[in-house]
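Visitor: Provided below are the primary sequence and the corresponding predicted coordinates.
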There are 2 protein chains.
Amino acid sequence: MDTVTALGLIAGSLTTLSFAPQVARAWRTRSTADLSLAMLIIFLAGVLLWLAYGVVRGDVAIIAANAVTAALIGTLLSIKTKNG
Amino acid sequence: MDTVTALGLIAGSLTTLSFAPQVARAWRTRSTADLSLAMLIIFLAGVLLWLAYGVVRGDVAIIAANAVTAALIGTLLSIKTKNG
């Protein structure tokens, strides 16, 4: 693997995994009032488009990062719609 | 521009612009207790690496999306550290 691809994979891991502590916090506190619902919906739509982009390009890193991110954001959205 | 590149640009616009309502909400309410500090720091680090990746690849879409996102997340982080 070349250095630039490795850089992309590290970048993708960070932006994806960053949502884990946010999901953990929302799960624990059940408090999501400070999270913007519009942000979650627009971000999820964008992530699903990135996923489609990765599938068309056959890019495993983009597919993996965005599939995991979509699952995390979907969880946040579910907690948000239940708890406000 | 080919269809796949257009798909990537639309995806990038959505994931970047999704943070605008979050910044607007935090700016208005000055309440960011439900935002995870770890999420903001790790996400910003990932976005800055994506920016470096875009510069190395010479990819204008990746550079533009991540430069704007970095500014928005930096603003959120600033409000979060001032208001808790």
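Guide: Happy to help now that I have it. Nothing here was measured: the structure is a model prediction, and the numbers come from that model.
Visitor: going forward, measure contacts between C-alpha atoms and count neighbours the same way
Guide: Will do.
Visitor: and the residue nearest the centre of chain A, what is it in contact with?
Guide: By CA atoms, centre = their mean, chain A has its centre lying nearest to A:T69, at 2.4 Å. Counting by CA atoms under 8 Å, 6 or more residues apart in numbering or on different chains, A:T69 touches A:T16, A:L17, A:F19, A:V47.
Visitor: what about it, which helix or strand?
Guide: If you go by DSSP states H and E, A:T69 is part of helix A:60-83.
Visitor: repeat for A:T16
Guide: helix A:3-17.
Visitor: wait, does that helix contact chain B?
Guide: Yes - interface with chain B: helix A:3-17 contributes A:V4, A:L7, A:G8, A:I10, A:A11, A:G12, A:S13, A:L14, A:T15, A:T16, A:L17 (CA under 8 Å from any CA of the partner chain).
Visitor: out of those, which end up buried?
Guide: Listed as buried from these are A:L7, A:G8, A:I10, A:A11, A:G12, A:S13, A:L14, A:T15, A:T16, A:L17; burial here means 16 or more other CA atoms under 10 Å in any protein chain shown.
Visitor: who are the neighbours in contact with the third one?
Guide: The contact partners of A:I10, by CA under 8 Å, 6+ apart, come to B:G46, B:L49.
Visitor: what element comes up after the helix holding A:T16 heading to the C-terminus?
Guide: Where DSSP H and E defines the elements, the next helix or strand beyond helix A:3-17 is helix A:19-29.
Visitor: report the buried residues of the helix or strand that that next one is followed by.
Guide: Downstream of helix A:19-29, the first helix or strand assigned by DSSP H and E is helix A:37-57. By neighbour count on 16+ other CA under 10 Å, the buried set for helix A:37-57 is A:37, A:39-54.
Visitor: in chain A, where is pLDDT below threshold?
Guide: A:84 (pLDDT under 70).
Visitor: which parts of it sit against chain B?
Guide: A:4, A:7-8, A:10-22, A:25-26, A:31-36, A:38-50, A:53, A:56-57.
Visitor: go again with 6 Å.
Guide: Applying CA under 6 Å from any CA of the partner chain, one finds that chain A approaches chain B through A:11, A:14-15, A:18-19, A:21-22, A:32, A:34, A:36, A:39, A:42-43, A:46, A:49-50.
Visitor: and of the residues you listed, the nearest to A:I62?
Guide: Relative to A:I62, the closest of the residues of chain A next to chain B is A:W50; by CA to CA it sits at 7.2 Å.
Visitor: surely the closest one and B:G12 touch.
Guide: No - A:W50 lies out of contact with B:G12 (CA atoms under 6 Å); the separation is 7.6 Å.
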